[in-house]
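Sequence unavailable; structure follows:
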């Protein structure tokens, strides 16, 4: 009699538990769906967002960009420009309400800017939680 009662209860608990995804799985799914629907996406006349990929094992959200025309020149990326750009990206992360869940989860935000002509990486910037938590 006890087995007849326990088996349906175990089956229901198993089915209920199967529908939940971890936050890492949810972020990975959302970024994959976003990339499929929205990318490639022109950000400005010189920059295209190619994709956003989330790696749950690293808790890293990586944005892949291609630069064109004026920005597709390695000489443009001086230390001064890169530092200014890094500061602006960090300010955007700190001030973004849309990234609140990701920041609370300790996600590392990475940005890679690559040449449209040669595929050379011009910039590869990462921000860990210690960077964006004030």
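That came through fine. Quick caveat: nothing in here was measured; it's all calculated off a predicted structure. Numbers count the residues shown, from 1 in each chain.

Quick check: end-to-end length of stretch 29-46?
Start and end residues of stretch 29-46 are separated by 28 Å (CA to CA, to the nearest Å).

Give me the residue ranges of the chain where confidence is low.
1-19, 134 (pLDDT under 70).

all helices for it, in order.
2-18, 23-38, 79-95, 100-104, 129-132 (DSSP state H).

Could you give me the buried positions within the fourth one?
Which is helix 100-104. 102-103 (16 or more other CB atoms under 10 Å). The way it works is simple: take the backbone N, C-alpha and C, and place the C-beta from them, glycine included.

So which residues make contact with that helix?
23, 27, 61, 93, 96, 109, 129, 132-133 (CB atoms under 8 Å, 6 or more residues apart in numbering).

Using CSV, lay out the residues you listed together with distance to residue 103.
Shown next, in CSV, are the contacts of helix 100-104 (distance: CB to CB, whole Å):
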residue, distance to residue 103
23, 12
27, 12
61, 11
93, 7
96, 8
109, 9
129, 7
132, 6
133, 8
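
Of the residues you listed, which is the most crowded?
residue 109 (24 neighbours; other CB atoms under 10 Å).

so what's that one up against?
Shown in contact with residue 109 (CB under 8 Å, 6+ apart): 60-61, 63, 89, 93, 99, 102, 126-127, 132.

Which strand residues bridge it?
residue 61, residue 127 (DSSP bridges).

Please tell me how far it sits from residue 97.
Counting by CB to CB, to the nearest Å, the gap from residue 109 to residue 97 is 15 Å.

How many neighbouring residues does residue 125 have?
Residues within reach of residue 125, counting by other CB under 10 Å, total 15.

what's around residue 122, how many residues?
Neighbour count for residue 122, taken as other CB under 10 Å: 18.
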